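> predicted model, plus sequence, below.
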Amino acid sequence: MSAERPTFSPFWHRVRAMKPRLRPHVQSTRQFYRGQRWHVVHDPSSNQYYRLNPVAYEFVALLDGKRTVEECWTLVLQNHGDSAPTQHEAITLISQMYSSNLLAVDDSPEVDQLLRRGTERRSKMIKQQAIGLMYFKLRLFNPNHILEWIEPIMRPVLNRWGLIAWIGLIVAALIALIPHWSELKNGVDDTIASANWGWLAVVFVVTKLWHETGHGVLCKRFGGNVPEFGVMMLVLFPSPFVDASACWAFQSKWQRMAVGAGGMLFELALAAVAAFVWLSVPDGLLKQIAYNAMFTCSVSTILFNANPLMRFDGYYILSDLLEMPNLMQRSTQMLKYWAHKFIYRLKDINPPATDRDELAILTVFGIASTAYRVFLFFSITLYVLGKMFAIGLFLAVWSAAAWFILPTGTFIHWLATSPKLADHRWRAVGVSMALIVAAVLLIGVIPMPDRRRGEGVIDSSTKSGVFSSVDAFVKEVHKRPGEFVAKGEPIVTMESSQLEAQIRLIDGYLAEATAVEREATAGNPAAAQVARQRVATLQEQKRFFLEKQDKLVVRAPHSGVITGADPQSQLGAFLKEGKPICDLIDVSKLRVTALMDQTEALWLYEQPREAYDVEMRLVSNVGEVVEGGAVRVIEAGTRRLAHNSLTFAGGGSIEVERLEQQSGVMAKRPQFQVEIDPKRIAENAQEVWAGLPGERVRLRFALPPRPLLAQWVDRLQKLVQGRVNL
Amino acid sequence: MSQAVSKYHALYESLLSRRSKPVLPTGLDRVYGRLAMKLRNSKISLDYLRAEAEASDRIHSTEIRELSEQSLADQIATVRAAFVRGRQDETALRRALALVREVARRETGEDPYIVQQMGALALFHGRIIEMLTGEGKTLTGSLAAPLIAWQRRYLHVFTVNDYLAKRDAESRARMFKRCMCETGSIQQEQEPAERFGIYARHIVYGTPKQITADYLRDQIRLGRMTTAWAGRHMMAQMSHMPGESGMGPMIPGLKACMVDEADAVLIDEGVVPLIIARPRREDDMSKVYVKAAAIAIKLDEGPDFEVEHVKRRVELKRRGLERLDTLFEQVPDPLWKARRRAEELVRQALVAQHCYIRGKQYEVVEGRIVIVDEYTGRFLPDRSWEHGLHQAVEAKEGAQVTADRETLARLSFQRFYRTYPFMCGMTGTAADATKEMEAVYARPVTRIPTHRPVIRAQWPMRVFRTAKGKWDAIIASIEEIHAAGRPVLVGTRSVAASEFLSAKLKERNLEHFLLNAHHDKDEATLIAQAGRTDLATGAAITVATNMAGRGTDIKPDEEAIKAGGLHVLLTEMHGAKRVDRQFIGRAGRQGDPGSAQIFVSLEDELVVRHAPRLRAWLEQFSKLKGGDHAALERAVTRSGGWDELDDTWSSRAERIFKLAQSRSEAHDRRSRESVLRQDDWVDKYMPGM
């Protein structure tokens, strides 16, 4: 059921005889939103906007300072019947426009009222600033004269041809960059490295100024005013802003979107230019700066400004694209509406949407933006906590107050006093309590899986080399790295024509010696003795060579997995005796060496091994899970890295720092070095685990389930412990 | 003081008052405001008041009691001078109180008790004081009035009616004169010119309605003017004009007020807006209302619409809306084509037919609809409901439909009182409204102890299943107490109920007085007789609506006191606990013996409206008195026997009735709050008054 709209208001007498009129400098534009006509009334001097539906606009337009409010209202009522504003709506309209200074009332203003409104506005502004401390705004100056100077210069390109050229530029830059992709990728590390931060900051400020120029110039181009330039402290990081709200009065939604996208358009163009610079200059400072510019203008812009879930450019573009102004506010209202309807079962409420599409969009957007905001809160807070503990803590508490405690207070107030709940306040309180209890149970009581993550590398305790024990050519390769061989299984077959020739020669000698011996045995017993000895020697020799021949087939000294050099690469090559062919790892003795942050992994000492499970996955084969067996803490407080692949650069997640004097890197924070035996291999040595020494392994420790709250508190505590000492 | 000076003075003061638009704080400001108020007032505790009053009492007995007339006057002049300059400190206040007390003693012969002096001090400190009935509120007030008037220049004392205003003003005039204060009272029949002179006096008695209306008229006259310069200009032009228009504002600003029966005036009446209106000049709408009533009758409750009695609202269902479509089409008048307006009219007619009951909310007197005040049971002849509701009720009763009125100016009493920078008040039952007094008026409440302990006996509540059983039991109870030689005061909630009971008593040949809105002329005489036992028929039986709860005292005579004092019998619980307490407070005044008892039935409006489910539970499961005979009795019940709940169930029912009462109070409080918010909102954002 929809809300009633009584025609009459008890306060009508206060406006009835008034003869207000729109202030002469007020401008109005017609806009269409989702096929509906709206009128935006705009006061350029105070930058106030007011959106009116056609009937309300007709009513306001009738206020000319000669007709009384009552006359105008009656006229509208006659023309529009039920869709005309009720008295109450008319009063609201008049008073809102009056307090926005859009409407002039016939005689002298009430000074006290004006002053009070001014004070209220100011205190509201301060309150907003305080609540949004993470987005603190510092207003600086009016950039109008600067833009007036820049805009005519750029005007020739601010049209559709300019847009086409822009697309061309971006495409050209992308094409030019494709061959240098890996180089580009490698550059990212250098960019994030702290040595580069100074330049990055400079480039950031310049490009952001350029970004704002984009908004300002485009706004100016379509006839809007840009009255304000300032700096917003985005999580304490200053970034400039301009007030381009004048574009809200533009008639065309494409123009409004262009202003919203202006910053990004300009930045991307700059990124393209920087790309060409980067490609054409030799290594040096300029190249570095060009890279930085490219990085900030593309990556940061797209990640940041284009995101529609925060109130930045992307949001305004989306809101214009969907033709749904005040998207954020209305989506919040929408969520409230659902809660009111389904949780509190209120009657007499209307959704803030006009059609089904809008309803769906608002709902989806509301959920997404709320979730995102929560996510953002936690990630920003944790990030800042990590960087600057005191400030981070302050910011966290402050924003928690602004984003969670204040709304909770408002909610409780609503629950306690809202006249809408008057009939079944206890039910509403009950439902709310039930929800809270459910949430508390979920978070605070019901044990939830507690999983900790870690990273390690495979390591083996037994590794033996496989060598050629004869001088020979590699004839055939039976096994290649990664393949399992049982003990005695051939790995490589070699051939040696020399050896064969030698055997044949000996065979010849042997035949001869045998014949001599046979002959001598018959006639000459003394010579026979010599001959017999020779046969024996030759046979001895033959045995030696046969043994050598036998060694042509290189066999595994123990079961294991081939690793190291690929024997295949030796195929046909001549190997001298003692030359290594490959390595053989004893898979029954594989283990994982992991580094775990000492502050976060204290549970290693607290939990007995039986209490938790370990799951290991190879980075190269995430699908296969191997259970971990015994876990040993080898060393505590180490900062030495077990393997380079555990660092950021190696693809791991351990923060490192470069030491001045020594070469190489060390972990930034002390670590536990832990060894874990894979269970499956211990039990069944025949089975092959594809993991090879040096390969990165993701570890997941399934600790005994605990309520989420306990887990969070624990983690936060660890986090705090880790920082306070700093 | 020449007329001219005081004219500009009045203008200036009145502009000052109009500019002070007190805003209700919200959110944290509200919490802070309350805390700050508590802190500011924490010094004025009962102990402090008692100590001060006793100190004053010592000064009085040692220094002042024996003073000659002349030196008394001199001392008053000295003390007053300090007060006028705002230099009063605790010592000056003690002395001043002792002086005024002495004047009161010499002029009226009444020597106030310590508790009354404490009350006067609390009043001077801007408190709402609770003093039980018969504790001498009038005297307490008149002790504080000169002190406040000295300090604040003008004091308005609000009384319940014109008669009391006149009586008090006249009886205190000589006393105040000796305290160097001019006194006057505003009466309905006075002409503006006469009022002009009265408002210039220091202490002015009057009803809120009169004074508020004068203030509102002043404001209309001032137009949209906000500065004294504009006012001067206007007055210069207007002074040539004849009559009242040349005189400027009547009330020289709102400086201080003292409210008698503060809870009734500030809270119950507080939200009623005072409206100055004139009939609309447009075409006659009476036919429309009659038609709407005719259409509304055709709809059926249940399938077509549902009535929400608590909110006094009607919700049309789908079937009802469809039926309306066809019904509207049959009417030729184009007005019925405007769907929303037409629906509104029908809804209003339905509300008038189902939520407004003759004898409860209104009466028909000489073919006119007269609103009955639900708190006092008095007629409010010059009040009407707004936005066509009045017309809808007229149409329902077939009375002459009056013209719609057009509001010229509107001011809720609440806002009016809040305009006073200083306010204090007295009442018999403020404690129940403490929170609201503190929230709305930022005035703390102080309970002044009684001079003698209250020994009134509260008899257990009696609960009946049906109204019929209740009335039978009430009559039996009245007969019994009457036979014991005690005067009985029976309270009914509505005019209709009082008439009904009166008729019943007549059937039984019980002589009684009937005091309700129809008979309010003889109020004073009836009340004076209500405590007597020496009437021709023995002890007095008085049947009265709640109007008997306030105003003049009922003094039981000696015989009555010997027999056990006055017995108060309430035939129903009122929506506000205060009203019941006030009425019960009639018995056992000033330490007299007395008793009180409440009779309720499960058919009473209070539980039907505010605790329907619990009521149904009671109805289904409760056990009747008489144990094993219950079933038998139930059979009797149908034919009109007694059907009283047994003791356990009675006490359960009592709790439910109290719950319903607190729900009803909460409901009223909410609606008052919403009126207040609306008022505030309008003041904040709209130009003008």
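All right, it came through fine.

> how about the host helix or strand of residue B:675, does it reach chain A?
Using DSSP states H and E, residue B:675 maps to helix B:647-685. Yes. Using C-beta under 8 Å from any C-beta of the partner chain as the criterion, contacts between helix B:647-685 and chain A involve B:667, B:670, B:674, B:678, B:682, B:684-685. Using the backbone N, CA and C atoms, a C-beta is placed for each residue, glycine as well.

> and that helix, what other elements does it pack with?
helix A:87-99, helix A:111-131, strand B:405-412, helix B:413-419, strand B:462-464, helix B:577-584, helix B:605-610, helix B:612-621 (3 or more C-beta pairs under 8 Å, 6 or more residues apart in numbering or on different chains; DSSP states H and E).

> between that helix and strand B:405-412, how many degrees?
Using axes from the mean of the first three to the mean of the last three C-alpha atoms, to 10 degrees, one finds that helix B:647-685 and strand B:405-412 are set 100 degrees apart in direction.

> alpha carbons of stretch A:400-414, as PDB, please.
Extracted in PDB, the C-alpha atoms of stretch A:400-414 (Å, rounded to 0.1, in the frame of the first residue of the first chain):
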ATOM      1  CA  ALA A 400      34.400   3.300  12.600                       C
ATOM      2  CA  ALA A 401      32.600   5.900  14.500                       C
ATOM      3  CA  ALA A 402      31.400   7.700  11.400                       C
ATOM      4  CA  TRP A 403      30.500   4.600   9.400                       C
ATOM      5  CA  PHE A 404      29.300   2.200  12.000                       C
ATOM      6  CA  ILE A 405      28.700   3.700  15.300                       C
ATOM      7  CA  LEU A 406      26.800   6.800  14.100                       C
ATOM      8  CA  PRO A 407      24.500   4.800  11.800                       C
ATOM      9  CA  THR A 408      24.000   2.400  14.700                       C
ATOM     10  CA  GLY A 409      23.000   5.300  16.900                       C
ATOM     11  CA  THR A 410      20.700   6.600  14.200                       C
ATOM     12  CA  PHE A 411      19.200   3.100  13.900                       C
ATOM     13  CA  ILE A 412      18.600   2.800  17.600                       C
ATOM     14  CA  HIS A 413      17.100   6.200  17.600                       C
ATOM     15  CA  TRP A 414      14.900   5.300  14.700                       C
END
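
> hey, where'd the strands end up in the stretch 501-650 of chain B?
For the stretch 501-650 of chain B, strands defined by DSSP state E, counting those that start in this stretch occupy the ranges B:513-515, B:541-545, B:566-570, B:594-601.

> number of nearby residues for residue A:202?
13 (other C-beta atoms under 10 Å in any protein chain shown).

> that's a helix at it, yeah?
Yes. Residue state for residue A:202 (DSSP: H, G, I helix; E, B strand; the rest coil) corresponds to a helix.

> mind splitting chain B into its structural domains?
B:3-276+B:413-447, B:283-403, B:457-670 (automatic domain parsing).

> how about the ones you listed in TSV, adding mean neighbour count and mean pLDDT?
Formatted as TSV, the domains of chain B follow (neighbours: other C-beta atoms under 10 Å in any protein chain shown; pLDDT from 0 to 100):
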stretch	mean neighbour count	mean pLDDT
domain B:3-276+B:413-447	19	83
domain B:283-403	18	80
domain B:457-670	19	81
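
> switch the ones you listed over to JSON lines; also include distance to residue A:704.
Compiled in JSON lines, these are given as follows (distance: least, C-beta to C-beta, whole Å):
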{"stretch": "domain B:3-276+B:413-447", "distance to residue A:704": "45"}
{"stretch": "domain B:283-403", "distance to residue A:704": "54"}
{"stretch": "domain B:457-670", "distance to residue A:704": "48"}
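
> ok, which of the ones you listed comes nearest residue A:70?
Judged by C-beta to C-beta, the one of the domains of chain B that comes nearest to residue A:70 is domain B:283-403, at 15.4 Å.

> distance from that closest one to the middle of the chain?
Averaging C-alpha coordinates over domain B:283-403 and over its chain gives two centres that are 27 Å apart (C-alpha atoms, centre = their mean, to the nearest Å).

> ok, it near chain A or not?
Yes. Residues of domain B:283-403 contacting chain A under C-beta under 8 Å from any C-beta: B:310, B:315, B:337-341, B:344, B:386-388.

> show me these that map onto strands.
residue B:315 (DSSP state E).

> now the two most distant members of the residues of domain B:283-403 next to chain A.
Within these, B:310 and B:337 form the most distant pair, 33.3 Å apart (C-beta to C-beta).

> follow-up on the earlier one: and of the residues of domain B:283-403 next to chain A, the nearest to residue B:575?
For those, the nearest to residue B:575 is residue B:310 (10.5 Å; C-beta to C-beta).

> what's the spatially most central residue of chain A sitting at in phi/psi?
Centroid-nearest residue in chain A: residue A:303, 8.7 Å away (criterion: C-alpha atoms, centre = their mean). Main-chain torsions, residue A:303, degrees, to the nearest 10: phi -70, psi -30.

> measure it to residue B:441 for me?
Distance from residue A:303 to residue B:441, counting by C-beta to C-beta, to the nearest Å: 56 Å.

> and the residue nearest to residue B:253 when sequence neighbours are not counted, which of the three is it?
Leaving out its chain neighbours, the residue that sits closest to residue B:253 by C-beta to C-beta, 6 or more residues apart in numbering or on different chains is residue B:13, at 2.8 Å. What three-state DSSP gives for residue B:13 is helix.

> check residue A:25 too.
Relying on three-state DSSP, one would call residue A:25 coil.

> counting neighbours, what do you get for it?
Counted with other C-beta under 10 Å, residue A:25 comes out at 11.

> I'd say it and residue A:45 touch.
Yes. Using C-beta atoms under 8 Å, residue A:25 is in contact with residue A:45, at 6.4 Å.

> longest helix in chain A, by residue count?
Looking across chain A with DSSP state H, the single longest helix is helix A:356-387.

> show me what it is packed against.
Going by 3+ C-beta pairs under 8 Å, 6+ apart, helix A:356-387 lies up against helix A:327-338, helix A:389-400, helix A:708-724.

> hmm, 6 Å instead?
With contacts taken as 3 or more C-beta pairs under 6 Å, 6 or more residues apart in numbering or on different chains; DSSP states H and E, helix A:356-387 sits against helix A:327-338, helix A:389-400.

> let's have the strands of the stretch 501-650 of chain B in a markdown table, adding distance to residue A:141.
Output for the strands of the stretch 501-650 of chain B, formatted as a markdown table (distance: least, C-beta to C-beta, whole Å):
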| stretch | distance to residue A:141 |
| --- | --- |
| strand B:513-515 | 77 |
| strand B:541-545 | 72 |
| strand B:566-570 | 74 |
| strand B:594-601 | 74 |
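
> can you list those in a markdown table and add distance to chain A?
Below are the strands of the stretch 501-650 of chain B laid out as a markdown table (distance: least, C-beta to the nearest C-beta, whole Å):
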| stretch | distance to chain A |
| --- | --- |
| strand B:513-515 | 34 |
| strand B:541-545 | 28 |
| strand B:566-570 | 28 |
| strand B:594-601 | 24 |
